[in-house]
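Participant: 3D, please:
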Amino acid sequence: MPIDYKKELNPAQLDAVMHERGPALVIAGAGSGKTRALVFRVARLVESGVPASSILLLTFTRRAANEMLTRAKTLLKRERFGVMGGTFHSVANLVLKSHAGLVGYPHGFVIIDRTDSEAVLKLLADELDLIKKRRSFPKKAALADIISRSVNTEKPIEEVLFRFYPLHEPFLGEIETLASAYAGYKVRQRFMDFDDLLTNMIRLLGENPEVRGQLGQRFKHILVDEYQDVNRLQANIVKLLGADHGNVMVVGDDSQSIYSFRGADFRNILEFPEIFPEARVIKLEENFRSTQPILDAANAIIHGAQRGYTKCLFTVREGGERPYLAVLPDEAAQSRFVADQVAGLISEGLKLPEIAVLFRAGFHSFDLEVELNRRGVPYVKHGGVRFVEAAHIKDLLAHLRLLVNPGDLISWHRALLLVERVGPKTVRRVLHALGESPSLEGFFGFVEKEGGKTPGLLNLAKLLGKLSTEKFTVSEMVGLVKRYYEPMLKAKFENHPKRLGELEYVEDWTAKYAGLREFLDEVALDPLETSGNNGSGEFLTISTVHSAKGLEWRAVFVISLLEGRFPSIRSMDDPDDLEEERRLLYVASTRAKEKLFFSYPVWVFDRGSGRAFAEPSRFLMELPPESVHLLEQRGHEQMFAEKVQARRDARFPPGTRVVHDILGTGVVVEVVTDDKVRVRFHDGSLRLLHLGYANLEPA
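Facilitator: Prediction:
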């Protein structure tokens, strides 16, 4: 039986699937069923008589292509399926294998992966004597990043360095020389890296009309998924493959273009109608994921975009709560708020895997991680690494731990190995000299006797001596260690500016701790024991927004929505970068199915003043007031009312005292009667509220 497309698809999806011939741009809003549309489009083409072997589906992962083609095959009830699907790189590889001689590889080629590329660059840099001349010359991973970004964005290395790698600008000439040597080496050795697959595919199609014609005859229909994420090279491949017949359908959402750091170019999807002037633009705006109040907020966020296709997400689902905007006193209160709300959602029937906390950068979750560990909430983090697992954080903590526990051999080992000209043998010699009970005094004595041979050990002794004998706040201690460690950080990590920024954040953040031991006890909580496995295998997800794209949860928290954090401080000077930050928040908001929480702290710690008033994200300020429930310190009565009115079935005997922590304020509630409660707020004031109440536990 033929597929009943009208029954299976909404009108916009049906329009895309039934499109006859010629180019088409399908703008698929978040949660609008773009994968379904592509699957049915493939099935429709085959069902209408188009040979399966003449359809090409380009995706960003092999898994995505396989899943779509399997679903299309199931729709058609076929065991065999000849549609070709895969990534841009895999398709280029297959084509180039048959035409290698036309691009300068008469005897074929071998593909080298990223690790191989870095090894070749290191080899060539050594041969050209680039590393010995300048100790701070970029490491092989950075060199591979720079050259690859230059190729994928079709920008000169000079421009790439200026915008993305300013620290390496002094090495422009050397990097250009190395890039040229790398290109020649690959041809001589018959190597192609991943970027070469794309550039040689473009060269093959552009310089050989016969081959382009053959491929045009073979692939008479081209479908491209996630077109907003293609780079310039991939867009050119699509253009060349579809040049003769124009049967190109690309599917994507300009509002979800968030991967410019990978080379994705937002302009490609905007310029598609210019490349294919006869292109139809079809918009998928019905959302199957979120409630309408959540979509209203998302629409408001993206409405301020300077460029893009106008669309308005809607759903036929009824009801739903407006997103909540929580205004908290500080980051600690924000963390408590999130943890409290997660506990409340669990009591309402949600499960941990149905909840996520999203943030702009990995280190924005540090305070939350400490709070989750303290409460024993199991979580898994995506994007960045856990606070206590980051190498530079471990380095910093090692020095501080020696102050409270000089017998900590692990911290001695880590701190000593950071010192220049100190290796494992020297470490063993130092620890042997300190004996079975290492102490700061023992180390100072060792350095006094032999430290002259290794100046770095003398500097370490001076640091530990200063920290152990003078009085400092925890934040000041972190600052002293950070300044001592900074030269080592620069030598150890290619992305040291980012890591240094995270250490500065820790310096600010630790200002809330009264003592060093208290701070170290907090961060020493072992996630694998206190929050790793609660017996059910269920975890709360905490994630950067970039790592959350394509996923969804019933409840989503988006935290730390402050100027300088979300949007990032690095985006402030570039309008394009700032627009991508807006799209990031749009993506974050559209991950939520039923509940969405925005939050930001009013005060943040500042190294200069101790506390600084934070400015909320400009994107929040653009939201219509009626689109969110505002939760702020001045509205405890309203917040409490909204919380306890959610359920009216729980009752406590008069006189019962319960504690209910609203936004981290430690509100104490005393039950007077079944329908009246006396609330004591953080400022000592009392209110008698006539309410039902729920989610309260006896104190």
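Participant: Name the helix or strand of the protein that has the lowest mean pLDDT.
Facilitator: Within the chain, confidence by mean pLDDT, DSSP states H and E is lowest for helix 527-530 among all helices and strands, at a mean of 33.
Participant: any idea which helix or strand comes after it?
Facilitator: Of the helices and strands lying after helix 527-530 in sequence (DSSP states H and E), the nearest is strand 540-544.
Participant: now for that following strand, which elements pack on it?
Facilitator: With contacts taken as 3 or more CB pairs under 8 Å, 6 or more residues apart in numbering; DSSP states H and E, strand 540-544 sits against strand 355-359, helix 366-375, strand 379-382. Placement of C-beta: from N, CA and C, glycine included.
Participant: give me that answer again for 7 Å
Facilitator: When contacts are defined as 3 or more CB pairs under 7 Å, 6 or more residues apart in numbering; DSSP states H and E, strand 540-544 packs onto strand 355-359, strand 379-382.
Participant: Can you show me the helices along the stretch 201-350 of the chain?
Facilitator: Counting by DSSP state H, counting those that start in this stretch, the stretch 201-350 of the chain has helices at residues 209-218, 232-241, 267-275, 292-303, 331-347.
Participant: residues of the shortest one that come out buried?
Facilitator: Within helix 267-275, the residues that count as buried by 16 or more other CB atoms under 10 Å are 268-270, 272, 275.
Participant: Could you do the longest one as well?
Facilitator: Of the residues in helix 331-347, those scored as buried under the neighbour-count criterion (16+ other CB under 10 Å) are 331-342, 345-346.
Participant: of all the helices and strands packed on strand 540-544, which gets the most neighbours per residue?
Facilitator: Mean neighbour count, computed with mean count of other CB atoms under 10 Å, is highest for strand 355-359 among the helices and strands packed on strand 540-544, reaching a mean of 26.
Participant: just to revisit the earlier point, just give me the closest of the buried residues of helix 331-347 to L295.
Facilitator: Distance to L295 across those (CB to CB) is lowest for L345, with 20.4 Å.
Participant: Next, the contact list for that closest one, please.
Facilitator: When contacts are counted by CB atoms under 7 Å, 6 or more residues apart in numbering, L345 touches 355, 555.
Participant: change it to 10 Å
Facilitator: Counting by CB atoms under 10 Å, 6 or more residues apart in numbering, L345 makes contact with 351-352, 354-355, 554-555, 557, 594-595, 597.
Participant: Same check on A300?
Facilitator: Here A300 is in contact with 586, 589, 619, 622-624, 627-628 (CB under 10 Å, 6+ apart).
Participant: Can you say which of these are buried?
Facilitator: 586, 589, 619, 623, 627-628.
Participant: thinking again about what came up before, in CSV: the helices of the stretch 201-350 of the chain, plus distance to Y324 and mean pLDDT.
Facilitator: CSV is the format used below for the helices of the stretch 201-350 of the chain (distance: least, CB to CB, whole Å; pLDDT from 0 to 100):
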stretch, distance to Y324, mean pLDDT
helix 209-218, 53, 92
helix 232-241, 40, 94
helix 267-275, 32, 91
helix 292-303, 10, 93
helix 331-347, 9, 92
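Participant: got those helices as a markdown table, with distance to P106 columns?
Facilitator: Output for these, formatted as a markdown table (distance: least, CB to CB, whole Å):
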| stretch | distance to P106 |
| --- | --- |
| helix 209-218 | 16 |
| helix 232-241 | 23 |
| helix 267-275 | 33 |
| helix 292-303 | 51 |
| helix 331-347 | 61 |
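Participant: out of the ones you listed, nearest to A433?
Facilitator: helix 331-347 (42.5 Å).
Participant: for the closest residue to Q189 other than its chain neighbours, which residues make a bridge with it?
Facilitator: Closest residue to Q189 apart from its sequence neighbours, by CB to CB, 6 or more residues apart in numbering: V110 at 8.0 Å. Note on V110: beta-bridge partners F191, judged by DSSP bridges.
Participant: Any idea how many residues pack against V110?
Facilitator: By the criterion of other CB atoms under 10 Å, V110 has 11 neighbours.
Participant: repeat for E504
Facilitator: E504 has 15 nearby residues by other CB under 10 Å.
Participant: That one sits in which helix or strand?
Facilitator: E504 is part of helix 496-509 when elements are defined by DSSP H and E.
Participant: CA atoms of that helix as CSV?
Facilitator: The C-alpha coordinates for helix 496-509 follow below in CSV (Å, rounded to 0.1, in the frame of the first residue of the first chain):
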residue,chain,number,x,y,z
HIS,A,496,46.2,28.8,28.5
PRO,A,497,44.2,32.0,28.2
LYS,A,498,40.9,30.1,28.6
ARG,A,499,42.3,28.2,31.6
LEU,A,500,43.7,31.3,33.2
GLY,A,501,40.3,32.8,32.9
GLU,A,502,38.9,29.8,34.8
LEU,A,503,41.5,30.2,37.5
GLU,A,504,40.5,33.9,37.9
TYR,A,505,36.9,32.7,38.2
VAL,A,506,38.0,30.4,41.0
GLU,A,507,39.8,33.3,42.7
ASP,A,508,36.6,35.3,42.7
TRP,A,509,34.4,32.4,43.7
